[in-house]
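Undergrad: Dropping the sequence and predicted coords here.
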Amino acid sequence: EAGVTQSPRYAVLQEGQAVSFWCDPISGHDTLYWYQQPRDQGPQLLVYFRDEAVIDNSQLPSDRFSAVRPKGTNSTLKIQSAKQGDTATYLCASRRLGGGEQYFGPGTRLTVL
Amino acid sequence: GEQVEQLPSSLIVQEGASVLINCSYTDSASVYFPWYKQEPGKRLQFIIDIRSNMERKQTQRLTLLFDKKTKHLSLHITATQPGDSAIYFCSAYNTNTGKLTFGDGTVLTVKP
């Protein structure tokens, strides 16, 4: 089966600029996760969806970050006004209902100058 | 919320050696513990998991031990190879929140 795909793979921004990340999960996986992974740390959950519904976005900086999954398939994570502290790799993962492990995409490495 | 701690943060061993990575968690609502491997430039890859109703799981050169009472896990890798060099992440899945919490990883370097 095709794995989780993400784009772009890299992004470099100035502070204050906006950026969007796109994720295509594994077909049939109803649950989709977005993680932020700062350098030398483990992934930290930002938001997750079951189908098109947001289940938990409590760790998403809501004033600048937003995430959608309108048809319950692909998802977009957007940062409105990036800050240097947003520099990290953004990972998307998916999981099928009742399944065990999550399957991760390759990530988008964001650098904010 | 859940906190996951891994020790050591890094390991350097000679090829053929065995290694032990320790992991502890805090929330008793965590019931499923997948481990992932991240090689340089590659995506996180699932390697082994264990559920809270088990004490031990083994696959090839990996053995995962789980102690529910002490909230502790340990991953044992035998006969290490240079290809095992990667960052290893322990994680804990909370059935109440549906969230997976990761440790900060253990960097394993296997020298030929």
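TA: Yep, that arrived. Numbers count the residues shown, from 1 in each chain, chains lettered A, B, ... in the order given.
Undergrad: any idea which element the most centrally placed residue in chain A lies in?
TA: Nearest to the geometric centre of chain A sits A:Trp34, at 3.2 Å (CA atoms, centre = their mean). Element membership for A:Trp34 (DSSP states H and E) is strand A:31-37.
Undergrad: and that strand, what does it pack onto?
TA: Applying 3 or more CB pairs under 8 Å, 6 or more residues apart in numbering or on different chains; DSSP states H and E, one finds that strand A:31-37 contacts strand A:44-50, strand A:75-79, strand A:88-95. C-beta here means a position set from N, CA and C on the backbone, and glycine is covered the same way.
Undergrad: What strands line up against it, and which way round?
TA: Looking at strand A:31-37 with DSSP bridges, its partner strands are strand A:44-50 (antiparallel), strand A:88-95 (antiparallel).
Undergrad: Which residue would be the closest one in chain A to chain B?
TA: Relative to chain B, the nearest point of chain A is A:Gly42 (3.3 Å; CB to the nearest CB).
Undergrad: residues in contact with B:Pro112?
TA: B:15, B:82 (CB atoms under 8 Å, 6 or more residues apart in numbering or on different chains).
Undergrad: My read is that B:Thr97 contacts A:Asp56, right?
TA: Yes: using CB atoms under 8 Å, B:Thr97 is in contact with A:Asp56, at 6.7 Å.
Undergrad: any idea which element the residue positioned nearest the centre of chain B lies in?
TA: Chain B has B:Cys90 as the residue nearest its centroid, 3.8 Å off, counting by CA atoms, centre = their mean. Element membership for B:Cys90, per DSSP H and E: strand B:86-94.
Undergrad: That strand: how far from the chain's middle?
TA: Strand B:86-94 sits 5 Å away from the centroid of its parent chain (CA atoms, centre = their mean, to the nearest Å).
Undergrad: ok, then the element right after that strand?
TA: Moving toward the C-terminus from strand B:86-94, the next helix or strand (DSSP H and E) is strand B:99-102.
Undergrad: is that next one anywhere near chain A?
TA: Yes: Strand B:99-102 lies within reach of chain A by CB under 8 Å from any CB of the partner chain, at B:99-102.
Undergrad: Please state the mean pLDDT value computed over that strand.
TA: Across strand B:99-102, the average pLDDT comes to 96.
Undergrad: Pull up the pairing partners for it, direction included.
TA: Strand B:99-102 pairs in its sheet with strand B:86-94 (antiparallel), by DSSP bridges.
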